[in-house]
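Engineer: what follows is a predicted structure for the sequence shown.
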Amino acid sequence: MATNDVVLSLRGVAKSFGNSRIIRDITMDVAPGERIALIGPNGAGKSTLFNMISGRFQPSGGDIVLNGNSLLKLEPYEIYRQGLSRSFQITNIFAKLSVYENIRSSVLWSLGHRYSLFKFLNKLTDVRERAEQLMEQVGLARRKDVLAGLLTYAEQRSLEIAMTVAGNPSVVLLDEPTAGMSRSESEQAVELIRKLTEGRTLLMVEHDMSVVFGLADRIAVLAGGALIALESPEKIRHNHAVKEAYLGDHHA
Ligand SMILES: Nc1ncnc2c1ncn2[C@@H]1O[C@H](COP(=O)(O)OP(=O)(O)OP(=O)(O)O)[C@@H](O)[C@H]1O
Ligand SMILES: [Mg+2]
């Protein structure tokens, strides 16, 4: 791919913890606006890869490049400021703050106004409007004043997605956004993800194959820390290595 067709590039990325090689030499380019589902057995290294892309872990080898700039050595917040935002596998919200306060804190954080009181005061209306727009988009407007800890599980995941996109990131990483949801909840979550990631690049770890095949432009398959396939859903369906390594009985 030409450089301007690539938003995120992994180049020979590796990660070891002690003597265990968890991620082995992963190379892939992601195009702007593309939706990639990252799948693989438990312990394959999916969250570890996300942790490296978002700056929580330093790779042991290789490079990760966002819009032409290496992310190595950047702190997570610096990567976030460059337009890459992630959610966590474990819900990452403040239980004792209301829905509105949670979203507002993400909007504020994304604007970096912690550092400038005057700028901050000028922008209060913008912050409120952005928070209200997000609550509307994820269907939580009527739950605005409810403490996040009292929301249903599915509502908490919606809130988390709203918080992840609060800063208008160009690249969004979601780690198992539909985990623990019922079929109908996860269908709703997919629609929400589709809507809120419109025009953005999406990388999503997901175990639910109907979500994966319904949403992804390409599917990346990780097994034993290696990328064993990166192809369209149609091709993945017929990929023998993938069937053996992972899909097995999960997928009819
Ligand atoms: N901080 C760490 N220190 C040591 N080992 C780790 C660390 N983080 C992850 N691992 C190991 O790396 C391997 C991959 O873990 P990871 O969480 O990335 O898998 P995963 O693909 O996200 O799995 P799951 O589908 O269960 O979420 C596991 O064997 C795990 O024990
Ligand atoms: Mg994981």
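Structural biologist: Received, thanks. Numbers count the residues shown, from 1 in each chain. Ligands and ions are numbered 1, 2, ... in the order given.
Engineer: CA only for contacts and neighbour counts going forward, please
Structural biologist: Will do.
Engineer: contacting residues around stretch 212-222?
Structural biologist: 34-41, 44-46, 190, 194, 206, 227-233, 236, 242 (CA atoms under 8 Å, 6 or more residues apart in numbering).
Engineer: what do you get for stretch 67-77?
Structural biologist: 3-4, 6-8, 53-56, 58-59, 63-65, 79.
Engineer: got it, and stretch 129-148?
Structural biologist: 93-100, 102-104, 107, 155-156, 158-159, 162, 166, 192, 196.
Engineer: sort out which of these are buried, if you could.
Structural biologist: 93-95, 97-100, 102-104, 107, 155-156, 158-159, 162, 166, 192, 196 (16 or more other CA atoms under 10 Å).
Engineer: one step back: for ligand 1, state which of the contacts of stretch 67-77 is nearest.
Structural biologist: Of all the contacts of stretch 67-77, ligand 1 sits closest to residue 56, with 9.9 Å by CA to the nearest ligand atom.
Engineer: strands - which of the contacts of stretch 129-148 land there?
Structural biologist: Judged by DSSP state E, strands contain none of those.
Engineer: quick one: stretch 31-46 near ligand 1?
Structural biologist: Yes: against ligand 1, stretch 31-46 shows contacts by CA under 6 Å from any ligand atom at 41, 42, 43, 44, 45, 46.
Engineer: what pLDDT does the model give residue 110?
Structural biologist: pLDDT for residue 110: 81.
Engineer: now could you export just the CA positions of the strand or helix carrying it as CSV?
Structural biologist: Taking DSSP states H and E as the criterion, the element that holds residue 110 is helix 99-111. Taking C-alpha atoms only, helix 99-111 is exported to CSV below (Å, rounded to 0.1, in the frame of the first residue of the first chain):
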residue,chain,number,x,y,z
VAL,A,99,-23.4,9.0,32.9
TYR,A,100,-23.0,12.7,32.0
GLU,A,101,-20.0,13.2,34.3
ASN,A,102,-18.3,10.2,32.9
ILE,A,103,-18.7,11.4,29.3
ARG,A,104,-17.8,14.9,30.2
SER,A,105,-14.6,13.8,31.8
SER,A,106,-13.6,12.0,28.6
VAL,A,107,-14.5,15.1,26.5
LEU,A,108,-12.5,17.3,28.8
TRP,A,109,-9.6,14.9,28.8
SER,A,110,-9.6,14.7,25.1
LEU,A,111,-9.5,18.5,24.8
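Engineer: report all helices and strands that it contacts.
Structural biologist: helix 124-137, helix 153-165 (3 or more CA pairs under 8 Å, 6 or more residues apart in numbering; DSSP states H and E).
Engineer: what's the last one packed up against?
Structural biologist: Just to be clear, that refers to helix 153-165. Packing partners of helix 153-165 (3+ CA pairs under 8 Å, 6+ apart): strand 84-86, helix 99-111, helix 124-137, helix 183-196.
Engineer: which of the residues of stretch 31-46 next to ligand 1 count as buried?
Structural biologist: 44, 45, 46.
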